[in-house]
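Chemist: have a look at this fold, sequence not included:
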């Protein structure tokens, strides 16, 4: 069983839709939760970071962490064609620190 | 400020050949990493380094070697290339080892072994 599970999609939505991306995990030691965005033929870049449980909002993006369910989510409001990319969840614990465990990524296409 | 630079961008190797994937960063980061990305598998950590002269194995180190003689450079060596090493390789760096320190990635090297 993978330590981090993420539905690979692909996910296709119309412009302006609300997008929900999710990951589940099994390691209860994970404390740091991140979402990376990866455009085609590029390296991943950090989009959102959350420590432990709770919500974090940044513009059109909201990250949620529910440690009791071992479930994290990324919501994108008013999605734009420029949001078309692969979204990777990543997480780590105090011991692993910056050595992240990644989900396999969800490929998102936002259609104009 | 170029960030993390990887060369080459693409490479085709024959089985049994060797090559070195180059990675350089200009952010003065002590921590550097090599990941491979395969379809359906996400990013897997191959090797990492916490500073010049110090390297350690990640999750999938077999078939690879690394060295870290300077803060800036972290090359990945493939000896006796195998088809299973066909992948996209990403180098990354970070300011600290804490989980909240973002990883800065290069744009990858796409390697095919035939």
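Modeler: Structure received. Quick caveat: nothing in here was measured; it's all calculated off a predicted structure. Numbers count the residues shown, from 1 in each chain, chains lettered A, B, ... in the order given.
Chemist: measure residue B:29 to residue A:98 for me?
Modeler: Between residue B:29 and residue A:98 the computed distance is 10 Å (Cβ to Cβ, to the nearest Å). C-betas here are computed from N, CA, C, even on glycine.
Chemist: who touches both of these two?
Modeler: By Cβ atoms under 8 Å, 6 or more residues apart in numbering or on different chains, residue B:29 and residue A:98 have these common neighbours: residue B:94.
Chemist: for chain B, which residues are neighbours of chain A?
Modeler: B:4, B:31, B:33, B:35, B:40-45, B:48, B:58, B:90, B:92, B:94, B:96-103, B:105-108 (Cβ under 8 Å from any Cβ of the partner chain).
Chemist: can you tell me the SS state at the residue nearest to residue B:73 when sequence neighbours are not counted?
Modeler: In space, and not counting its chain neighbours, residue B:73 is closest to residue B:24: 5.2 Å by Cβ to Cβ, 6 or more residues apart in numbering or on different chains. Recorded secondary structure, residue B:24: strand (DSSP: H, G, I helix; E, B strand; the rest coil).
Chemist: tell me how far residue B:24 lies from residue B:65.
Modeler: According to Cβ to Cβ, residue B:24 and residue B:65 sit 18 Å apart.
Chemist: for residue A:4, same thing?
Modeler: Using Cβ to Cβ, residue A:4 is found at 27 Å from residue B:65.
Chemist: looking at the two, which is more packed in?
Modeler: residue A:4 (22 against 14; other Cβ atoms under 10 Å in any protein chain shown).
Chemist: and the more buried one, its phi and psi?
Modeler: Phi and psi for residue A:4, reported as degrees, to the nearest 10, are phi -130, psi 130.
Chemist: for it, list the residues it contacts.
Modeler: Residues in contact with residue A:4, defined by Cβ under 8 Å, 6+ apart, are A:23-26, A:89-91, A:101-103, B:42.
Chemist: now do residue A:80
Modeler: By Cβ under 8 Å, 6+ apart, residue A:80 lies in contact with A:15, A:110.
Chemist: looking at the residue lying closest to residue A:30 once chain neighbours are set aside now. What's its pLDDT?
Modeler: Closest residue in space to residue A:30, ignoring its immediate chain neighbours: residue A:91 at 4.3 Å, by Cβ to Cβ, 6+ apart. For residue A:91, the model assigns a pLDDT of 95.
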